[in-house]
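Chemist: The following block contains a protein sequence and its predicted model.
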Amino acid sequence: MSVDRKAAAAAWKEKKVAAGVYAFRAPDGVVWVGATPTLDAAENRLRFTLRTGSCRVPALARTWRAAGGEGFVFEVLETLDPELGAMTRARLLKERLAHWRGDLGAEPL
């Protein structure tokens with residue numbers, strides 16, 4: 001393995017992954033809120049499941065199809081400190097998810 005590849009692999013292993021809460025807004029105003037330990041991949045993952053028909057939220061999938069997949073907005077609502085321990089991060093994600101769902105009157109993802 002070259003030095004560049006070793007350095008890239010080491011940097012990837014040390015990368016801190018941001019966890020957080022996000023909203024996915026439909027063009028008709030309906031909002032879904034979710035939480036994830038990998039916030040940087042959440043939008044791509046969600047849009048992929050919707051495009052491929054593998055979304056596990058029937059109401060969101062119906063809304064997506066009705067709108068032709070257009071006009072949806074992904075929004076990061078809150079990012080947690082990447083230095084948090086796994087148990088603290090999981091607890092906070094749960095708490096913050098409940099807060100944002102209530103605050104926005106949102107549907108669960």
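Modeler: In hand now; what should we look at?
Chemist: Could you pull out the helices in this structure for me?
Modeler: Counting by DSSP state H, the chain has these helices, from start to end: 3-14, 39-52, 58-67, 86-104.
Chemist: Packing partners of the longest one?
Modeler: Right, the one you point to is helix 86-104. strand 20-25, strand 31-36, strand 73-79 (3 or more Cβ pairs under 8 Å, 6 or more residues apart in numbering; DSSP states H and E). Every residue, glycine included, has its C-beta placed from N, CA and C.
Chemist: Which residue would you name as the spatial centre of this structure?
Modeler: Per Cα atoms, centre = their mean, the C-alpha nearest to the average position across the chain is that of residue 42, at 3.4 Å.
Chemist: who does the closest residue in space to that one that isn't next to it in sequence bridge with?
Modeler: Nearest residue to residue 42 in three dimensions, chain neighbours excluded: residue 36, at 4.6 Å (Cβ to Cβ, 6 or more residues apart in numbering). Beta bridges link residue 36 to residue 20, judged by DSSP bridges.
Chemist: Roughly how far does residue 36 sit from residue 4?
Modeler: Per Cβ to Cβ, to the nearest Å, residue 36 is found 31 Å from residue 4.
Chemist: One more: residue 94?
Modeler: 40 Å.
Chemist: Over to residue 25?
Modeler: Residue 25 is 41 Å from residue 4, by Cβ to Cβ.
Chemist: Helix or strand with the lowest mean pLDDT in this structure?
Modeler: The helix or strand of the chain with the lowest confidence, counting by mean pLDDT, DSSP states H and E, is helix 3-14 at a mean of 73.
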